[in-house]
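1. Pasting the sequence and the predicted coordinates here, then a few questions.
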Amino acid sequence: MAKKQPQTKFIGQTTKIRQTEPRTVIEWPRSLTHVHTYGMLSPFFQGLTEGKLMATFCPNKQCTEDRLWIPPRAHCPDCH
């Protein structure tokens, strides 16, 4: 004797079927929250909120470029 399957309870809105031929297409509404971090640039953006403009420079004495980088860079684009 086959075991009786438990009844499935659906919650939320039903899915709207937009088409069935040649392939089934459904609407699947959902919301999305994207979280982004400034990472190592956080001090730069925090400084902007305080009215400060921060930059980095190359600490390599043999670098031929004498530039400030805004926004700050982890590595000198001229040396690396």
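-> Yep, it's here.
2. And the residue nearest the centre of the chain, how close does it get to Thr49?
-> Note on the chain: the residue nearest the mean C-alpha position is His36, at 4.8 Å, using Cα atoms, centre = their mean. For His36, the distance to Thr49 (Cβ to Cβ, to the nearest Å) stands at 16 Å. Placement of C-beta: from N, CA and C, glycine included.
3. Ser31 now?
-> 28 Å.
4. before we move on, what about Trp28?
-> Note on Trp28: its distance to Thr49, by Cβ to Cβ, is 38 Å.
5. for this structure, which spans come out with low pLDDT?
-> The chain contains residues with pLDDT under 70 at 1.
6. how about the strands in it?
-> Along the chain, the stretches classed as strands by DSSP state E are 16-19, 25-27, 56-57, 68-69.
7. Could you single out the most deeply buried of these?
-> Of the strands of the chain, the one with the most neighbours on average (mean count of other Cβ atoms under 10 Å) is strand 56-57, at a mean of 15.
8. just checking, what packs against that one?
-> Where contact means 3 or more Cβ pairs under 8 Å, 6 or more residues apart in numbering; DSSP states H and E, strand 56-57 is packed against strand 68-69.
9. Can you spell out which helices and strands pack onto the strand it packs on?
-> Packing contacts for strand 68-69, counted by 3+ Cβ pairs under 8 Å, 6+ apart, involve strand 56-57.
10. right, and Thr64 touches Cys76 too?
-> No: using Cβ atoms under 8 Å, Thr64 is not in contact with Cys76; the gap is 10.7 Å.
11. These two: which is more packed in?
-> Cys76 (16 against 8; other Cβ atoms under 10 Å).
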